[in-house]
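[1] Just a sequence and a predicted model for now, questions to come.
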Amino acid sequence: MRSPRWQEPHPLRLPDARLAMATTTTIIPPRSASRPARDALPADVRWMRLTANGLYVLAALVFVGLSLHLLTRQPVFALRSIHIEGDLTRNSVATIRVNAVPQLRGNFFTIDLQAARRAFETVPWVRHAVVQRVWPNRLAVRIEEHRPVALWREADGNGTTERLVNAQGEVFEANVGDVEGDSLPTLQGPEDSSAAMLSMLRRLQTVFARQGSHIDTLRLSRRASWAVELDTGAKVELGRGSDDEVLARADRFVATVTQMTQLFQAPVLYADLRHRDGYALRLQGITTVVAPGAVNRN
């Protein structure tokens, strides 16, 4: 009997742990969009919460507003001092206070700075005012006064009235008697022409100063014709045209009129520069009347 052959046993191989490990995946189906969340609140509850939160915010705002309202009206913020500065030549600080301060309303927080500015600008001779707050209960005011350079004369149904013109060409109200000793020239022309007339006055003064004359009055008619009256008493018609054309006529007159006044030893009473190629003169004591015997009877 054949004995069985011995065979060496083969080692057993265990499968890899990674391969042996079973992986399970759970797939959760998506929640339907129409299915409400389990923890969602009813609509009426949500609206009640929103309303309550809004009321809380509103109450807080009202509380803060009332607190600020009461705080800003404490006596500590009442205006205690008004500091006024500027180049004051026509006014005094006391005069400005008397005229403007009674018009101010409010305290440090509630005063209307624009209304305060207008109050100071109603004071005579005040052209512009800047008003600022200074913590905690003061105002600082800087004043710019009008600087008069000419008189403004206009005729109305009740006669002739005079006002003043400042260095910016603005007509303003003030006591004309305050400038009686300033020898200011007079401007007379249509309404709203003061700035243009002041500009022309300055240019013409330079021209007539070359003959030692000073302009007393500058007129502009409604037809835009210029005329001047000099401190010598002479009246000069300059005519119409652009500023340069009028100045050219005046320059030609000043450059040549001395020849005539020296020739006849007589000052000018009237000059008409409206002629194209020259001008007409009227000299004091000089006439152009032809003597009766000199009339040609032929």
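    Perfect, I can see it now.
[2] Point out where this structure drops to low pLDDT.
    In the predicted model, the chain carries pLDDT under 70 at residues 1-39, 67-76, 157, 289-298.
[3] In it, mark out all the strands, start to finish.
    81-86, 126-134, 138-145, 148-156, 159-166, 171-172, 186-188, 215-220, 226-230, 235-239, 268-272, 280-283 (DSSP state E).
[4] So which other helices or strands are in contact with the third one?
    Contacting strand 138-145 under the criterion 3 or more Cβ pairs under 8 Å, 6 or more residues apart in numbering; DSSP states H and E are the following elements: strand 81-86, helix 113-121, strand 126-134. (C-beta placed from N, C-alpha, C; glycine too.)
[5] Give me the nearest residue to residue 182, chain neighbours excluded.
    Excluding its sequence neighbours, the residue lying closest to residue 182 (Cβ to Cβ, 6 or more residues apart in numbering) is residue 148, at 7.0 Å.
[6] now the helices for the stretch 151-298 of the chain?
    Remark: helices assigned in the stretch 151-298 of the chain by DSSP state H, counting those that start in this stretch are 194-208, 243-264.
[7] could you dump these to CSV with distance to residue 78 and mean neighbour count?
    Below are the helices of the stretch 151-298 of the chain laid out as CSV (distance: least, Cβ to Cβ, whole Å; neighbours: other Cβ atoms under 10 Å):
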stretch, distance to residue 78, mean neighbour count
helix 194-208, 43, 18
helix 243-264, 55, 15
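[8] out of those helices, nearest to residue 218?
    helix 194-208 (5.0 Å; Cβ to Cβ).
[9] just to revisit the earlier point, output the helices of the stretch 151-298 of the chain in a markdown table; the columns should cover distance to residue 56.
    Output for those, formatted as a markdown table (distance: least, Cβ to Cβ, whole Å):
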| stretch | distance to residue 56 |
| --- | --- |
| helix 194-208 | 61 |
| helix 243-264 | 72 |
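[10] Okay then, goodbye and thanks.
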